[in-house]
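Enquirer: Sequence first, predicted coordinates after that:
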Amino acid sequence: MKFTKEQLEGAKTRKDLMQIASENEMDIRKVTKNLKYLMELESLQAEMVALQKWITDNNKRVAIIFEGRDAAGKGGAIKRFKEHLNPRTSRVVALSRPTEVEQGQWYFRRYIKELPNPGEIVFFDRSWYNRAVVEPVMGFCTNLQYDQFMVQVPEFEHMLHEDGLVVIKFWFSISKQEQKERFDDRLGNPLKQWKFSPVDMEGQKMWDRYTFFKQEMFSKTHTNFSPWIIVKTNDKKTARLESMRYVLSRFNYKDKTESLDGLISPDPNVIIRYYRNAKQIDI
C-alpha cells in the first residue's frame with residue numbers, strides 16, 4: 001500500500017505521515033531506516049567538516065586507506081567521507097597500474113608522491129597494499145617482489161608514523177555471497193557496469209587464495225603504530241557510518257560534538273581492530 005495524493009497533501013509533518021501509515025497498516029520500516037541513515041550521515045559529515053578545519057588549521061597530515069575485496073564498498077564509503085569537505089585540502093588517490101618507468105622504481109615511490117601535505121586529508125582507494133594481496137593472487141608481481149614488500153612495509157609505515165603522518169588502514173570485510181550479489185548488480189545496472197572487470201570474477205574463483213594473502217598481510221603488517229581496522233558488515237550504509245565514526249573518534253579536534261550521545265562511538269561489533277582470532281565474514 002502506498003500513500004495517496006490526498007494523504008501526502010494533508011500531512012504537514014513527519015509525525016503526520018507516521019500516523020497515516022500506522023492507521024493504514026503500511027510497512028514503512030525500510031523508509032524509516034533510510035531516513036535514519038540519512039540523518040546520521042548528515043551529522044557525521046558535519047563532524048568531518050569540523051575535523052577537516054582542525055587538520056588544516058593545525059597542519060596535520062592524515063592518510064586514510066580503504067582496502068578490501070572487489071565490490072566491498074570502498075569507493076562508496078570514500079564518496080560519503082569526502083562529499084562535503086573542502087576540495088582544496090582533501091583529495092582521493094586511486095592509482096592505475098604502474099607505468100613501465102614506475103615498474104623500474106622503488107615500489108613505494110609513486111605512493112610517496114601522493115601522501116598528504118600539511119593540513120590535508122588524502123583518501124586512498126586501494127594503496128601500496130595492492131602488492132600484499134591483489135598482485136600475488138593475480139600473478140602481477142614476483143615472489144621476490146612480494147617478499148621484499150612484506151619486509152619493507154612495516155618499516156615504511158613506521159617512518160611515516162615517526163614523521164607525524166597519521167595513517168588509518170581500513171579493511172572492508174564482506175561475505176563471498178554478498179560480493180557475488182554486488183557483482184550481479186553491477187552487471188545488471190548500466191550506470192555501474194564501468195566498475196566491473198574480468199578481474200572481478202576471478203576474485204570469486206580465487207576467494208580462498210585471496211583469503212590466504214589477506215591473512216598474511218594482517219599478521220605481518222598489523223602494528224601498534226599502524227593497526228588494521230576491520231569493517232565487518234555486509235550492509236554498505238552501516239560500513240560507511242561506522243568507518244566515519246571511527247575516524248572521528250581518533251581525533252580530539254576543536255568543536256567536537258560530544259553532546260550527541262553515541263554519534264562518534266563506533267559499533268564494536270562492526271569496527272574491529274585486527275587480532276589473530278578476530279571473527280571475519282570474508283574468510
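Expert: Received the coordinates, thanks. Numbering: from 1, shown residues only.
Enquirer: Tell me where the protein has strands.
Expert: Along the chain, the segments classed as strands by DSSP state E run 61-68, 90-93, 120-125, 166-173, 228-232, 271-273.
Enquirer: Could I get these in CSV, plus columns for mean neighbour count, distance to residue 282 and mean pLDDT?
Expert: C-beta: built from backbone N, CA, C; applies to glycine. Shown next, in CSV, are those (neighbours: other CB atoms under 10 Å; distance: least, CB to CB, whole Å; pLDDT from 0 to 100):
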stretch, mean neighbour count, distance to residue 282, mean pLDDT
strand 61-68, 22, 8, 98
strand 90-93, 18, 24, 98
strand 120-125, 22, 18, 98
strand 166-173, 22, 5, 98
strand 228-232, 23, 9, 97
strand 271-273, 17, 12, 96
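Enquirer: pLDDT below threshold where in the stretch 51-200 of the chain?
Expert: 191, 193, 195-196 (pLDDT under 70).
Enquirer: repeat that for 90
Expert: 183-200 (pLDDT under 90).
Enquirer: Which stretches in it count as helices?
Expert: 74-82, 100-103, 109-112, 134-138, 143-162, 176-188, 198-205 (DSSP state H, counting those that start in this stretch).
Enquirer: Output those helices in CSV; the columns should cover mean neighbour count and distance to residue 214.
Expert: CSV is the format used below for these (neighbours: other CB atoms under 10 Å; distance: least, CB to CB, whole Å):
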stretch, mean neighbour count, distance to residue 214
helix 74-82, 19, 14
helix 100-103, 10, 24
helix 109-112, 14, 20
helix 134-138, 19, 9
helix 143-162, 14, 13
helix 176-188, 16, 13
helix 198-205, 14, 11
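Enquirer: which one of those helices lies closest to residue 66?
Expert: The closest of the helices of the stretch 51-200 of the chain to residue 66 is helix 74-82. By CB to CB, the value is 4.0 Å.
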